[in-house]
Structures are given as C-alpha cells and as structure tokens.
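>>> Give me a model of this one.
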Amino acid sequence: MKGKLLSALLSVTVAVTLLAGCSSKGSEGKSGGKTNTNEGGKETTNAAKEIYFLNFKPEIAEIYDSIAKDYEAETGVKVKVVTAAAGTYETTLKSEVSKSQAPTIFQINGPVGYQNWKDYCADLSGTKLYDILSDKSLAVKSGDGVYGIPYVVEGYGIIYNDAIMKKYFALGNKKVSISSAAEINNFDLLKQVVEDMTAHKDELGIKGVFASTSLKAGEQWRWQTHLANMPLHYEFNEKSGYDSSVLAGLDAKEIEFKYANNFKNIFDLYINNSITESKLLGSKSVDDSMAEFALGNVAMVQNGNWAWGQISGVDGNTVKAEDIKFLPIYTGVAGEENQGLAVGTENYFAINSKVSKEEQEASVEFLEWLFTSQKGKDYVKNKLGFIAPFNSFGENEKPTDPLAKEVLAWMDKGVTSVPWTFAAFPSEDFKNYFGDALLQYAQGNMTWDEVVTIVKDSWASEKSK
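I've put the predicted structure just below:
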C-alpha cells in the first residue's frame, strides 16, 4: 500500500504541476464527430458509431481492448482505446483534446483534476451512471452538476476480527451494554469496548487489543497520512464543504489543526491498548502489525482493504475471511454516528463536453454497459479487479475479497464516507515531520502540545516553499 499511496499522491502532484498551464486551452469548438462520405459524395455525420476512450492505466490496456471488441460486436459502436504511456497521461490528454478526433471519455484525478479540466467535463447528473453510484458524495461536483464519476475505490478504517469480538461480547462480566461490534458507532463506545477488552485480554486469548502502531522510519504512513486525514478533513470541510475539502486543503497556507485532540483520542487509544509497549513502537513495521493481527494475537488494526492479501498470506494465519470486518475511525467528532470508512480514489471518468452530443451520449452508454451488463460486470470483477462503487452489482458479482466486500457494504449503509483529503498535504516532508513527532510523543519525549506546534509549523513552512 505504501507504493500505491505514493503513486496516488504523486499523480496529484504531477496533475497540479502539468495541468496548471493547460486547463482551458484546448479546442474551443465541437470536435464535429466522425464524418463519412456516402455513395453520392455527401458527408454524413455518424458520431454515435464511434467513441474514443483515453486510458490511464497501461497495465490493463489489453483488457480494455477486449472490452472494446465485445462492445462493438454487441452494439455496433466502435470504441477506440488509446493508452497513455506510464506517467504521461496528463501530457497525452493535453495533446489529444486539441485534435479534431478528441477523446470522448477521459479520466481526471478528482477535484484537483476537475479544476484544471472543467471546461471539458460534461454534466453527468442526469445519467444512469450517476444514478447507480452507491455513495453519490464521492462524485466530483460543482453546484448542481456532476462532472466526474469514480469507477474504482479503496477504503480504510479499523479492521477487526469478529471471532474475538464475539468472544468478548459473550463475557458475562463485560462492562458495556451493546452486544456486537457492529453496534459501535462513535468514539466513546469504541473506547469503552477497547479498554474493557484490555482488562479481559487473558480471557480472550489476546496480547493486546490493537496491533503495533508502526512508527519505524518509512512505516508511519498509516498515522501521518491516513489517520491525519481525519482531523484535517473535518477542518477543511467546515471551511469549504464536503465536495471541496481537498481544494480547501490545497489552498490553505496554514492550518488551525482544530481537531488535534480528536486525533489524540484515537492515537492514544491505539498505543495505550496495544500489543507493544509505546516506547518500543519505533522498531515496529506495518508487516509486524499485520502479522500480529493475522496470528490472532490482537483483535484490531488500522489499515485498508489492500491488507487482506497481507493477512491471508501470513504463515499460520488464524483469521477466517468471514470474521474480518471494518469499523470507521471514530475520533469523537460531533455527528460521527453518520460517518463511514475513509473511501477514495484517484480514478474518475469524465465525458468530453467539446464533442458532439451524440458522441457524449454514446460514451455514457458504453460506461453504463460496462457497469450494468452481465458481460461488462464480469470484466470489471474478474479481469479489471475493481472495487466498483455501483449498486448494479449483485451479491454474487461483488469482489470475493472480504475487505473489498466490507468497503462496498459500508458505502451502501447510507452513511457518509470520509474523502481522502490527504491528497492536499503539502509534501512528504510534512508527513515525515508529523510521523516523527508522533514517535517522540509515543516514547514520552514530547508533549502533545509540542506535536501540535510541529504539525502547524511544518504545514506553513512547506506551503511557503
């Protein structure tokens, strides 16, 4: 995940840098669609018979080629698939949109990409593609319009072993009134359960409630990025609204770190109820943490859906697929009972508003086919391997990975997913300053007030560069 995370964040940085000078400087007119000459020599418009998809991911280019062939065989509409070379998507898109035969479907990396390409993004608010989106808050919006539809997502939160949790809730002397982990919906309840489990850890056969909070150098991303996302999302959300929290973060020259104590709430809960004594956390890696969970030595660990491969691959793994579940990261923020997992993506489909209406409609119809037809959904699940955020997938069509299934289940609960606001963090240095301060705090070498000062100062310093 570290590599995946760095790649995602680099894509945002590249997008901001490369797109800054090219946001609205393409062809001002319609592409005109595809024209053919009939037997009488008269040109006729045949725009709806061919569309053009500019693909972002070289590793799945062959799959999209197969999808295009099947779609043409079924509908008669040709899908031209062009795949940009790795790391060149933005420059390729800049070049292609200025051509007479421009891409009709392209990809943006969320609110940042939309700001640079908004003159080319058609409104998708009235489409079936938007209607079947499980969590509509994930779409890229502006006013009443919808301009980007996420097509693959990932999510993170607190992973728990339900077999251990059921053992706890069956205790006759437990101190909480609830009877299952699924009933936990705020920080106060989570804290009561966790601290009571710590008191009963011998009866539960665990060495700690939480796996090690990995604070080894290079292993801190779960805290200085993923956990830090929570307080800063709430801060930026108050200033700009949910749909613009990333953009508000990018614009912020300094932060108040208003929800620092909420971060402290959950961080303290992790380290005070851990398998590892807090002074030793500087030697722990993510692999150590995941192995502790996989071996049944702990009941909970913060990570994302990508962790199932790590858990199931550990020699001696005791966690069954049906027992692996997610809880949101609760921190004590007002109204968090309606909070879901932190769900995000860098991958959004957009339809080129500069091409003909017929091409726009044909492009939307292709995407709707991909995510609603049996053949299309088979490609999505079994070939592309996406966690597709659409409610058109039945139970037997969803991913078999238990954590991927949990992400989709949480998106269907009617709660609000937390966006990946960490895309707005100013630099890797900022995150590393944050992570190093957390290590010093965990080891007792720094007060929480000092951590807060470092976070605020480092944000301002990195933003001024």
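
>>> Quick one: the strands in the stretch 101-250 of the chain, in order.
105-108, 140-142, 145-150, 154-161 (DSSP state E, counting those that start in this stretch).

>>> which of the ones you listed has the lowest average pLDDT?
Of all the strands of the stretch 101-250 of the chain, the minimum mean pLDDT falls on strand 140-142 (a mean of 92).

>>> before we move on, the earlier item: output the strands of the stretch 101-250 of the chain in CSV, with distance to residue 462 and mean neighbour count appended to each entry.
In short, each C-beta sits where N, CA and C put it, glycine included. What follows is those, written out as CSV (distance: least, Cβ to Cβ, whole Å; neighbours: other Cβ atoms under 10 Å):
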stretch, distance to residue 462, mean neighbour count
strand 105-108, 25, 25
strand 140-142, 26, 21
strand 145-150, 27, 22
strand 154-161, 24, 25
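
>>> how about JSON lines for the ones you listed, with distance to residue 226 added?
Putting the strands of the stretch 101-250 of the chain into JSON lines (distance: least, Cβ to Cβ, whole Å) gives the following:
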{"stretch": "strand 105-108", "distance to residue 226": "23"}
{"stretch": "strand 140-142", "distance to residue 226": "22"}
{"stretch": "strand 145-150", "distance to residue 226": "18"}
{"stretch": "strand 154-161", "distance to residue 226": "6"}
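
>>> Of those strands, which is nearest residue 245?
When the strands of the stretch 101-250 of the chain are compared by Cβ to Cβ, strand 140-142 sits nearest residue 245, at 12.3 Å.

>>> Neighbouring strands of that closest one in the sheet, and parallel or not?
Using DSSP bridges, strand 140-142 pairs in its sheet with strand 145-150 (antiparallel).

>>> neighbouring contacts of the partner strand?
108, 110, 113-114, 118, 121-125, 129-130, 133, 138-141, 345, 347-350, 367, 389 (Cβ atoms under 8 Å, 6 or more residues apart in numbering).

>>> so what's the nearest residue to residue 424 once chain neighbours are set aside scoring on pLDDT?
Counting by Cβ to Cβ, 6 or more residues apart in numbering, residue 424 lies nearest to residue 249, which is 2.7 Å off, once chain neighbours are set aside. The score at residue 249 is 93. That number is its pLDDT.

>>> and residue 249, how far is that from residue 189?
Note on residue 249: its distance to residue 189, by Cβ to Cβ, to the nearest Å, is 29 Å.

>>> Same drill for these two, tell me which one is more crowded.
residue 249 (25 against 17; other Cβ atoms under 10 Å).

>>> so what's residue 398 up against?
So residue 398 contacts 381, 404-405, 408 (Cβ under 8 Å, 6+ apart).

>>> Redo these as TSV? Include distance to residue 60 and neighbour count.
Formatted as TSV, those follow (distance: Cβ to Cβ, whole Å; neighbours: other Cβ atoms under 10 Å):
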residue	distance to residue 60	neighbour count
381	13	18
404	17	21
405	22	20
408	20	23
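
>>> would you turn these into a markdown table with secondary structure?
Output for the contacts of residue 398, formatted as a markdown table (DSSP: H, G, I helix; E, B strand; the rest coil):
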| residue | secondary structure |
| --- | --- |
| 381 | helix |
| 404 | helix |
| 405 | helix |
| 408 | helix |
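
>>> Return the member of those nearest to residue 321.
residue 405 (9.1 Å).

>>> List the contacts of the closest one.
Taking Cβ under 8 Å, 6+ apart, one finds 398-399 in contact with residue 405.

>>> ok, it to residue 115 distance?
Relative to residue 115, and taking Cβ to Cβ, residue 405 is found at 34 Å.

>>> got it, and residue 428?
Taken as Cβ to Cβ, the span from residue 428 to residue 115 is 23 Å.

>>> quick one: residue 152 and residue 345 touch, right?
Yes: taking contacts as Cβ atoms under 8 Å, residue 152 lies within contact range of residue 345: 5.9 Å.

>>> So for those two, which sits in the more crowded spot?
Using other Cβ under 10 Å as the criterion, residue 152 and residue 345 rank with residue 345 on top: 21 against 16.

>>> how near is that one to residue 149?
10 Å.

>>> swap in residue 172?
Residue 172 is 50 Å from residue 149, by Cβ to Cβ.

>>> Please, which helix or strand holds the spatially closest residue to residue 427 that is not a sequence neighbour?
Counting by Cβ to Cβ, 6+ apart, residue 462 is the residue found nearest to residue 427 once chain neighbours are left out, at 4.5 Å. Element membership of residue 462, judged by DSSP states H and E, is helix 448-463.
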